[in-house]
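Visitor: give me the fold of what follows.
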Amino acid sequence: WPAPAEEQAVQVRESRRGSKVVTMVMGLTIPMEDRKKMLKELKGKVGGGGTLADGVLELQGSHGEKALAYLRGKGYAKAKLVK
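Guide: Purely as a prediction, here's the structure:
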């Protein structure tokens, strides 16, 4: 079973990919179907594109703060922004 949301140590990281910035959400232990739903909601929140790669949610652009606020709202109390 996946750990409850408040116990998952989710990391939000912004990194550069060439000239572009990508925001990654790592450390989720929820099933892939739920990750796809979460990615869809996040893309709507930030108004940008994104993908699911090897279980990591990737958003195009610099959206660390928005992603963190979204995760905390979903109950991921241990979610943190990693530089």
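Visitor: measure residue 53 to residue 26 for me?
Guide: Going from residue 53 to residue 26 by Cβ to Cβ, to the nearest Å gives 11 Å. Where C-beta positions appear, they are placed from N, C-alpha and C, glycine not excepted.
Visitor: actually residue 34, not the one I wrote
Guide: 15 Å.
Visitor: neighbour-wise, which of the two wins?
Guide: Ranked by neighbour count (other Cβ atoms under 10 Å), residue 34 and residue 26 place residue 26 first, with 15 against 12.
Visitor: so who does the more buried one touch?
Guide: 10, 11, 12, 13, 56 (Cβ atoms under 8 Å, 6 or more residues apart in numbering).
Visitor: before we move on, what about residue 21?
Guide: 14, 15, 61, 62.
Visitor: again, but for residue 45
Guide: 66, 70 are the contacts of residue 45 under Cβ under 8 Å, 6+ apart.
Visitor: pretty sure it sits in a strand.
Guide: No. Assigned with DSSP: H, G, I helix; E, B strand; the rest coil, residue 45 falls outside any strand and is helix.
Visitor: where does residue 9 sit: helix, strand or coil?
Guide: Three-state assignment for residue 9 (three-state DSSP): coil.
Visitor: any idea how many residues pack against it?
Guide: Residue 9 has 13 nearby residues by other Cβ under 10 Å.
Visitor: relative to residue 44, how far out is it?
Guide: Per Cβ to Cβ, residue 9 is found 25 Å from residue 44.
Visitor: how about residue 80?
Guide: 23 Å.
Visitor: more neighbours: the two, which one.
Guide: Neighbour comparison, residue 80 and residue 44: the larger count goes to residue 80, with 15 against 9 (by other Cβ under 10 Å).
Visitor: for the closest residue to the more buried one other than its chain neighbours, give me its contacts.
Guide: Nearest non-adjacent residue to residue 80, counting by Cβ to Cβ, 6 or more residues apart in numbering: residue 11, 6.3 Å away. Residue 11 makes contacts with 24, 25, 26, 27, 79, 80, 81, 82, as judged by Cβ under 8 Å, 6+ apart.
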